[in-house]
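Asks: With the sequence up front, the predicted model follows.
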Amino acid sequence: MSIVEVEHLAKTFRSRERASGIAESMRSFARPRYRTREAVKDMSFSLEAGEVLAFIGPNGAGKSTTIKMLTGILYPTSGNVRVLGFTPWQQRHQLAYQIASVFGQKSQLWYHLPPQDTFNLLARIYELDMNEYRKRRDFLIDVFDIADYIRTPARKLSLGERMRCELAATFLHKPRIVFLDEPTIGLDVIAKQRIRDLIAQLNVEEGVTILLTSHDAGDVEQVCRRAIVINHGEIILDESVATLKSHYLKAKTIDLQLAGTVEELLTNEAGDQQSRLKLQLSTPELDREGIQVLKAQGHSLRLEVDTDRCPLEPVIASIMQQQHILDMTISDPPMETIIAAIYGSQGTVDNSIPSPAAVESAGLLAE
Ligand SMILES: Nc1ncnc2c1ncn2[C@@H]1O[C@H](COP(=O)(O)OP(=O)(O)OP(=O)(O)O)[C@@H](O)[C@H]1O
């Protein structure tokens, strides 16, 4: 059964344009000019209980505006929304007991108070039974591993520590739906991984439905099962993450810091740097066409490997046979690149989409 139903949702902002300079300010005061922006246009989708949905799109696509309408913070210009049977902007109070939201850029923890005090305040706001609350709080302190920070004022916590406390606070009243707007923004790789694991754990153990926005492909890949991609306020793709992954996340980027120079890796054959390098890396197991050289300069080498055509291990092994590797990072392509590839397919999943590396490599290769 759908617990979120969105039908033809739209939001247009009308804001006054500010003029610069005294004369212009006086003129705009007498004759104000307004600018309208269609942040969300005719959006329809539904969400089943227990789903984990990635809601993705570039900056300004309308993700936060949609979340704000689903949580009752903003009124829509038109359209209907039912969240757990409530109309969010009309029944915000009743809905608040059953949902929660985290905006990665804004904290819900009281800045000068330790998280424990915020938890106590939230328990009163949500009118929780005190015995139940204490059990829940201790459970979340344990799950999120925040016992060491719970008595430290929020302002003194690192971003990762604060985010774990934020999420613990979010789950305190056992919400049925959690809206997470960029929950991993600004975190290091370990903190990101931790947050992803915790979100996934609570989804599985408590069946909480999650709608998550992120610019990080790892969040989408590791936490979500379905993805809605929006652009200019419109849905351009609604697919399972498995499909999205197989079509768009198959490329991995390998960043290497070599003991020797890239020049030492080149064959003596004629040709450009890219093909001489690829020739040197190739073995019978490797499909050279699956490797793109994104950067090759001095001691740095960045490759993009299409894992459909070419497994990562032999590529790395082939480099290790020839050079000592000082440092290596394997990453997914940036979400923006994947989204750009999706735009390229005009909203359809299509294998003919050119690799994002094709665009990048031409400019980055040091001849
Ligand atoms: N209160 C507002 N008044 C006027 N315009 C707004 C307001 N809030 C958002 N917008 C505009 O609506 C559009 C969508 O903004 P929104 O914050 O929903 O995007 P987003 O997809 O969340 O972007 P980001 O990834 O950068 O957070 C943007 O063009 C933004 O400038």
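Replies: Sure, I can see it.
Asks: what about the strands in this structure?
Replies: 2-16, 34-48, 52-56, 78-83, 99-103, 177-181, 209-213, 226-231, 234-240, 251-258, 291-297, 300-306, 325-331 (DSSP state E).
Asks: Mind putting those into CSV with mean pLDDT?
Replies: Compiled in CSV, those are given as follows (pLDDT from 0 to 100):
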stretch, mean pLDDT
strand 2-16, 93
strand 34-48, 93
strand 52-56, 93
strand 78-83, 96
strand 99-103, 90
strand 177-181, 94
strand 209-213, 94
strand 226-231, 92
strand 234-240, 91
strand 251-258, 90
strand 291-297, 86
strand 300-306, 89
strand 325-331, 92
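Asks: Now do the contacts for E51.
Replies: E51 is in contact with 209-210, 225-226, counting by CB atoms under 8 Å, 6 or more residues apart in numbering. Placement of C-beta: from N, CA and C, glycine included.
Asks: Give the PyMOL command for selecting the buried subset of the residues you listed.
Replies: Buried subset of those, written as a PyMOL selection, criterion 16 or more other CB atoms under 10 Å:
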select buried, resi 209+210+226
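Asks: now the contacts of E51 in TSV, with distance to Q321?
Replies: Shown next, in TSV, are the contacts of E51 (distance: CB to CB, whole Å):
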residue	distance to Q321
T209	49
I210	44
R225	40
R226	42
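Asks: if I look at I150, how far off is the ligand?
Replies: I150 sits 30 Å away from the ligand, taking CB to the nearest ligand atom, to the nearest Å as the criterion.
Asks: Give me the phi and psi for that residue.
Replies: Main-chain torsions, I150, degrees, to the nearest 10: phi -60, psi -20.
Asks: Pretty sure it sits against L140.
Replies: No: checked against CB atoms under 8 Å, the pair I150 and L140 is beyond contact range at 10.1 Å.
Asks: quick one: which of the two has more around it?
Replies: Just comparing I150 and L140: by other CB atoms under 10 Å the higher neighbour count belongs to L140, 21 against 17.
Asks: wait, the more buried one sits on L172?
Replies: Yes: between L140 and L172 there is a contact under CB under 8 Å: 6.6 Å.
Asks: Which helix runs longest in this structure?
Replies: helix 189-206 (DSSP state H).
Asks: For the strands of the chain, give me a markdown table that also has distance to the ligand.
Replies: A markdown table is the format used below for the strands of the chain (distance: least, CB to the nearest ligand atom, whole Å):
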| stretch | distance to the ligand |
| --- | --- |
| strand 2-16 | 3 |
| strand 34-48 | 3 |
| strand 52-56 | 9 |
| strand 78-83 | 15 |
| strand 99-103 | 9 |
| strand 177-181 | 7 |
| strand 209-213 | 7 |
| strand 226-231 | 7 |
| strand 234-240 | 12 |
| strand 251-258 | 22 |
| strand 291-297 | 25 |
| strand 300-306 | 25 |
| strand 325-331 | 20 |
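Asks: Grab the nearest non-local neighbour of D181.
Replies: F103 (4.6 Å; CB to CB, 6 or more residues apart in numbering).
Asks: tally of neighbours for the one you found?
Replies: Close neighbours of F103, defined as other CB under 10 Å, add up to 19.
Asks: need the contact list for it.
Replies: F103 neighbours (CB under 8 Å, 6+ apart): 64, 181-182.
Asks: okay, those residues in JSON lines with distance to R124 and neighbour count next?
Replies: Below are the contacts of F103 laid out as JSON lines (distance: CB to CB, whole Å; neighbours: other CB atoms under 10 Å):
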{"residue": "S64", "distance to R124": "28", "neighbour count": "19"}
{"residue": "D181", "distance to R124": "25", "neighbour count": "22"}
{"residue": "E182", "distance to R124": "28", "neighbour count": "18"}
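Asks: on that earlier part again, so what touches the longest helix of the chain?
Replies: Outside helix 189-206, the residues touching it (CB under 8 Å, 6+ apart) are 50, 52, 143-144, 159-160, 163-164, 167, 171, 174, 180, 183-184, 187, 208-210, 212, 216, 218-219, 222-223.
Asks: can you pull out the helices in the stretch 51-200 of the chain?
Replies: If DSSP state H, counting those that start in this stretch is used as the criterion, the helices of the stretch 51-200 of the chain fall at 63-70, 92-96, 115-125, 130-144, 159-170, 189-206.
Asks: Could you do the stretch 251-367 of the chain as well?
Replies: Going by DSSP H, counting those that start in this stretch, the stretch 251-367 of the chain shows helices at 273-281, 312-322, 335-344, 356-364.
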